[in-house]
Each structure stands twice: as structure tokens, then as C-alpha cells.
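S.K.: pasting the sequence and the predicted model now:
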Amino acid sequence: MTIDWAALGQVFGVTLVVTVGLVGLFTVGIVGTSRKPVREGEAAAATAPGAGARAGALAAFALCAAAVAYGIYLIVAA
Amino acid sequence: MEHITLLIGIVIVTALVFDFTNGFHDTANAMATTISTGALRPKTAVAMSAVLNLVGAFLSVEVAKTISGGIIDEASGIRPEVIFAGLVGAIVWNLVTWLAGLPSSSSHALFGGLIGATLVSVGTHGVHGEAVVMKVLIPAVAAPFVAGLASMAATRLTYRLARGRDEADTAKGYRAGQIASAALVSLAHGTNDAQKTMGVITLALITGGVVAPHADPPLWVIASAGLAIALGTYLGGWRIIRTMGKGITDIQPPQGFAAQTGAAATILASSHLGFALSTTQVCSGSVMGSGLGRKGGVVRWSTAGRMVAAWALTLPAAGAVAAGAAFLAGQGTWGVAAVAVLALGVCGAIWAASRRKPIDHTNVNEGPAAEPVGVVTAALRAVSPPPAGHPAPAVETPAVDAPADAPVPAQAAATDTPTTTAPRAQAATVTR
């Protein structure tokens, strides 16, 4: 009996990369669209994200949506 | 279809009942953390999961072929009685673990039942031992580690990236992301698990000579299997949802998102590569991983230990019940009838026992959840003889959960009172 370590490793590798990548990407989106933290001694109000951060966040979210679409494609095509 | 005998009809109905228990047993996988982080209201969550399970059932038939053609040797004289007995074993074990609130694997219960019944009726040559190890045991052991490590890394990363941001500000985004991941898990679950039932029904039809070996399942099989799993999902296994969403660890929105995404990625990667990975092990593993990934996050190992014990017992326990059922059903028509009556009786008894301390969508999020589960299980152990093969650490449970005795009566009496304010840390720090 031989254990298919290659397939197992492949599953693990793909899972790890996809999970960390997607969560990281999505977090970038969240950070880009949320308000900046208030520092002590600075202005009291939290500042809204700038246009650049907003665009980057949108791109990150779009990539996440594409990944979800690819996931659905995998399910359907399987 | 005109060749379907009464016995095959019984097998099909039993398979659909199993599919139903599979549905409500596994609602927790997709929706437990979604419900506990508040991303979706409980009823909305199960409704969405049910619809996606139904859709998923129609999307793929790959797994169905694997199960009817791989683990059991269809040419060795598997009769419908054997399949029937296997299903009974799987259903009984699913209900027992549901009563205890433990997320065990429905697929393993099914495999265990089929293997046990085949061993008794056909002998060892009826089971492909290598296929069992390759397709069931190894993926089952690997699944929680793969999903857990991925979720843990993802949880660490997301907390690091979003550090300094106001939690209230980011929670909404995390919840939205979690809904998307949970939807993928539900869809994948439909494609995976509804197909196990399709595989079993197809196997019954093959053994009855109704369809040719290695045939695709007919459309009515796909439709009925999808409907049964969706109905089960909608009714919701709230006991298991509570254990997974609140019992294993306290899930914050970022963790819920990371855990659910990790689970979705694991399930999709594995099923795409042809592994029959158990959704339950994947999802439980990723919940634990996300608990370990947050600084100050605590995994309640007593609950996790009970869960792992249930996993280890699933294959032999379902197999033992199924072996008994197969022996009885092998005695002839009266034997099949006796198995059916006994199975109905056991199901009724378990349902009646569950009504003593009902858990439903109104109180599913009430914590501290490790304790209610522990107390419920302890109470059930007191009033009913423990089923053969209950999680081993029975003695440990009362000792660990002892401090919970105080908050429980209040919680049981007033289901509508939000008791989440009870000291959560208590559960985590009990070490006596």
C-alpha cells in the first residue's frame, strides 16, 4: 500500500497558499476602507481613508470576488 | 424503474433519511461560526445553507461514482439488506452524536455502517481495505491539520494586518467575507455529501439489477437526495452548531472569516483533487486553528477532546450497529422488519431525549456554551444508558464542567435572556 504523499502535499500547499492569500487580500481591502486609527496627541477624530487606499481596497475586493467565482467554477466543473 | 422491489424501496427511503440526518448534522460546518459571529441570523443562515446544498446536489456526480465503485466490492454479492443495515448504523450514530452535540462526520458514519454490514454479510473480501485507508482514514487524519494550519496562519495574518484598526469598524467587512466563504462551504457540501446518498441509492439500484454497474445516478435520485439534505439543513442541528460556534473557542469576526475561508479552500482543493475529504473534520479543524491563531484565543480542549473521541469512534461504532443490523436483516424478511422497527424506536427515543433540553435557533448562541453542552451530555448520561461507544472521557466531564452548574438553571429557564454576559473567561481557565 502506498500513500499518495504528493497529492496530500499538493492539497496542503494549495490550501495554505489560497487561504492565507485570500484572507490577506481581503484584510487589505478591509484596512483600506476602514478609518485610520486615532493616535494619542493627534486629532481626536479618526480619519477617513484616502482615495488611493480606497482604490487599492476595491482592487483587493475584486480579486477576492474573482477567487470566489473561480471556487464556484471548480465546484460546477468538477 | 419497474424492477424496484419493496426491499430496494425501503433502502431508498432509509438512504434519504440518512441524507436528512446528514443535512442537519452538517449545517454546523458551514453556518456555526457564521451564526456565532452574528454575520447572519440563525434562521437566515440555515435557509441560505439549505438552498445552496440543494443547488450543490445538482452540480456534480463525481463523488457518487467514487463511493459506489470504490470502497465496497459491488461484485462480491452485496445485497440490498446489507446496504439497509449499513444505513441504519449510520443514522443511529448520527443521531447519538447529534444528541451529544458533537460534530462527527456523517460520511464516516456512512462508511463505517457500510463496512460493518459488509463484513458481517459478505466477509472481509467485500471491503477494499486499501480504499478505506486511502480514501477515508488518511484524508480524515490529514483534514483537520491541513485546514487548521491554514486557518491559523490566516488568522495570524489578518490580525497583524488589521492591528490598530477599530474592531467595530472592521467587523462588518469580516462578516460579509465570512458569508461568502460560508456560501462556498455550503455549496461544496451539497456537491460532496448529497452525492454520498446518491452513491448509496445507486449502489442499491445496482445490486438490485435496476441500473448497470458504474452507471450515473438517475435524475430522480439526484433530486430526492438534494431535497432531503436541504430539508435536514434547514431544520438545523442546533446542538452541533452551538458546540462548533461557541463551544470549541470564542469566535471573533476576523477568526470566523479566516476559519470559514480556510474550510472553503480546503474542501475545494481536496475535492478538486479527488479526495473524499470529510467536511466536518475540515471545518472543526479550521475553527480550532482560528482559535489558536488569535492572541489570547483559547481552544477548549475538553470539548475538542470529546469531539476527536467521537471522530475516532464513528467508524467502529456505526460499523458495530450496522453489523448487528446486518446479522438480523440477514435472517430474512422478518429480520429486515425487526431492524426497521428497532431503528424507528431508537430514533424516537433519541428525539424524545433531545426534547428534555431543546436547543434551537432561539438559544443557539447562548453561552458560555462549553458548559451547556457538557451539562446536557452529563444529564443525558444520567437518565439514559450511554450508547455503545460513547466518548471515553466521561468521567472527566463533570469535573471540568463543574463550575458551570451555577449559570445553567437560569439559562435553561429563560431561553430569551441573553446570557452571553456570563464570564466567558471562566470556561477557558478551568484547569482543575
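M.R.: Received it, and whenever you're ready, just let me know what you need.
S.K.: look up phi and psi at residue B:127.
M.R.: phi -110, psi 130 (degrees, to the nearest 10).
S.K.: could you point out which element follows the helix or strand residue B:120 falls within?
M.R.: Secondary structure from DSSP states H and E places residue B:120 in helix B:106-121. Toward the C-terminus, helix B:106-121 is succeeded by helix B:129-132 as the next helix or strand (DSSP H and E).
S.K.: now the element after that next one, going C-ward?
M.R.: Using DSSP H and E, the helix or strand that follows helix B:129-132 in sequence is helix B:138-161.
S.K.: any part of that next one near chain A?
M.R.: Yes: applying C-beta under 8 Å from any C-beta of the partner chain, one finds helix B:138-161 touching chain A at B:138, B:142, B:146-147, B:149-151, B:153-155, B:157-158, B:161. (C-beta placed from N, C-alpha, C; glycine too.)
S.K.: for that helix, buried residues please.
M.R.: Of the residues in helix B:138-161, B:138-140, B:142-144, B:146-159, B:161 count as buried by neighbour count, 16 or more other C-beta atoms under 10 Å in any protein chain shown.
S.K.: cool, stretch A:69-78 as well?
M.R.: A:71, A:72, A:74, A:75, A:78.
S.K.: where do the helices sit along chain A?
M.R.: Assigned by DSSP state H, the helices in chain A fall at A:5-33, A:51-77.
S.K.: and chain B, which of those is closest to it?
M.R.: Smallest distance to chain B across these (C-beta to the nearest C-beta): 3.8 Å, for helix A:5-33.
S.K.: what angle separates the closest one from helix A:51-77?
M.R.: Per axes from the mean of the first three to the mean of the last three C-alpha atoms, to 10 degrees, the angle that helix A:5-33 makes with helix A:51-77 is 150 degrees.
S.K.: helices and strands around helix A:5-33, which ones?
M.R.: helix A:51-77, helix B:138-161, helix B:167-207, helix B:253-272 (3 or more C-beta pairs under 8 Å, 6 or more residues apart in numbering or on different chains; DSSP states H and E).
S.K.: what bits of the stretch 151-300 of chain B have low per-residue confidence?
M.R.: Confidence mapping of the stretch 151-300 of chain B against pLDDT under 70 gives the ranges B:274-276.
S.K.: pull the CA atoms of the helix holding residue B:120 into CSV?
M.R.: Extracted in CSV, the C-alpha atoms of helix B:106-121 (Å, rounded to 0.1, in the frame of the first residue of the first chain):
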residue,chain,number,x,y,z
SER,B,106,-21.6,11.8,8.6
SER,B,107,-19.5,10.4,5.8
HIS,B,108,-17.5,8.3,8.3
ALA,B,109,-20.7,7.1,9.9
LEU,B,110,-21.9,6.0,6.4
PHE,B,111,-18.6,4.3,5.5
GLY,B,112,-18.5,2.6,8.9
GLY,B,113,-22.0,1.4,8.6
LEU,B,114,-21.5,0.0,5.1
ILE,B,115,-18.2,-1.6,6.1
GLY,B,116,-19.6,-3.2,9.2
ALA,B,117,-22.6,-4.6,7.4
THR,B,118,-20.5,-5.9,4.5
LEU,B,119,-18.1,-7.6,6.9
VAL,B,120,-20.9,-9.5,8.6
SER,B,121,-22.8,-10.4,5.4
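S.K.: just give the nearest non-adjacent residue to the residue nearest the centre of chain A, would you?
M.R.: By C-alpha atoms, centre = their mean, the mean C-alpha position of chain A lies nearest to residue A:25, the distance being 2.4 Å. Nearest-residue entry for residue A:25: residue A:60, 4.9 Å, with adjacent residues in sequence omitted and distances by C-beta to C-beta, 6 or more residues apart in numbering or on different chains.
S.K.: likewise for residue B:253?
M.R.: residue B:174 (3.8 Å).
S.K.: now do the contacts for that neighbour.
M.R.: Residues near residue B:174 by C-beta atoms under 8 Å, 6 or more residues apart in numbering or on different chains: A:30, B:37, B:39, B:253, B:254, B:256, B:257.
S.K.: mind running it again at 7 Å?
M.R.: A:30, B:253, B:254, B:256, B:257 (C-beta atoms under 7 Å, 6 or more residues apart in numbering or on different chains).
S.K.: now do residue B:281
M.R.: With C-beta under 7 Å, 6+ apart, residue B:281 has these contacts: B:105, B:140, B:143, B:144, B:311.
S.K.: 10 Å instead, please
M.R.: Shown in contact with residue B:281 (C-beta atoms under 10 Å, 6 or more residues apart in numbering or on different chains): B:29, B:103-105, B:107-108, B:139-148, B:266, B:307-308, B:311.
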